[in-house]
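Participant: structure, please.
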Amino acid sequence: MRDDIPEWLGKPPLRGTDEWTAWLEKWRNYARAELRDSAADDPDFDFGLLTTEERWRVILRLEIQRQIAQGMAGDRAPIPSVRRISDLAHAGVIAWLVGHSVKSQIPDEPFRRATEWSDQRMTPRRRKVAHAVRYGFLAGIGGEPAAPGSSQEEYVAAYEAAWETGNALAIENDPRG
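Facilitator: Numbering: from 1, shown residues only. All right, here's what the predicted structure looks like:
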């Protein structure tokens, strides 16, 4: 949770209580008006109460889930055309590759191009996130709860996002109904 909550607002009360609802409304009004924080209306970002690092992990989760879905749908790979590439864009390409491999296990030209692109831009940090996306998705398809292979927060966020997507696919395609 962010640490710049004004003193006049006080510490947030226990979530789910009437006091929490009233406090949250005051916070959201303040965040919208004074901080101009668009996340104040977004439950994914805990109504603007997340720190910058926590917001990055939410964005990472949403991007991974979106790109896996686009890969499964057969959409184009999200290869950026800019020279400087962000870790988030790289994670999106990896997630697209994971989704695309569900659609077709035979590597086609878009798959080869995206693989080559991502391999050329791999860094140690990106390698960890790529590992988390791949293995999280596989564990999710397996349907078993599994612990991420690393406790690093961005690894856990990427793993959980991919796991949720893989698990939803497994449930959707379960022949037992």
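
Participant: quick one: residues contacting residue 113.
Facilitator: By Cβ atoms under 8 Å, 6 or more residues apart in numbering, residue 113 lies in contact with 77, 79. In this view, the C-beta of every residue, glycine as well, is placed from N, C-alpha and C.

Participant: buried ones in whichever helix or strand it is part of, by neighbour count?
Facilitator: Using DSSP states H and E, residue 113 sits within helix 109-120. Buried residues in helix 109-120, counting neighbours by 16 or more other Cβ atoms under 10 Å, are found at 110, 111, 114, 115, 117, 118.

Participant: buried stuff in stretch 55-70?
Facilitator: Neighbour-count burial for stretch 55-70 flags 55-58, 60-61, 63-70 (criterion: 16+ other Cβ under 10 Å).

Participant: typed the wrong thing, it's stretch 7-23
Facilitator: residue 23.

Participant: for that stretch, give the mean pLDDT please.
Facilitator: On average, the pLDDT along stretch 7-23 is 90.

Participant: that one spans what distance, first to last residue?
Facilitator: 13 Å (Cα to Cα, to the nearest Å).

Participant: just how off-centre is it within its chain?
Facilitator: Stretch 7-23 sits 28 Å away from the centroid of its parent chain (Cα atoms, centre = their mean, to the nearest Å).

Participant: mind listing residues that contact that stretch?
Facilitator: For stretch 7-23, using Cβ under 8 Å, 6+ apart, the contacting residues are 1, 5, 24, 26, 27, 30, 49.

Participant: confidence score at residue 145?
Facilitator: For residue 145, pLDDT reads 69.

Participant: where are the low-confidence patches of this protein?
Facilitator: 145, 177 (pLDDT under 70).

Participant: not counting its neighbours along the chain, what's nearest the residue nearest the centre of the chain?
Facilitator: The centroid of the chain falls nearest to residue 61 when counting by Cα atoms, centre = their mean (0.5 Å). Distance criterion Cβ to Cβ, 6 or more residues apart in numbering; nearest residue to residue 61, sequence neighbours excluded, is residue 161 at 3.9 Å.

Participant: for residue 112, see how far away the one you found is.
Facilitator: 25 Å (Cβ to Cβ, to the nearest Å).

Participant: before we move on, what about residue 40?
Facilitator: Applying Cβ to Cβ to residue 40 and residue 112 gives a distance of 43 Å.

Participant: what's the answer for residue 163, then?
Facilitator: With Cβ to Cβ as the criterion, residue 163 and residue 112 are 26 Å apart.

Participant: likewise for residue 6?
Facilitator: Residue 6 is 53 Å from residue 112, by Cβ to Cβ.

Participant: ditto for residue 99
Facilitator: Distance, residue 99 to residue 112, by Cβ to Cβ: 16 Å.
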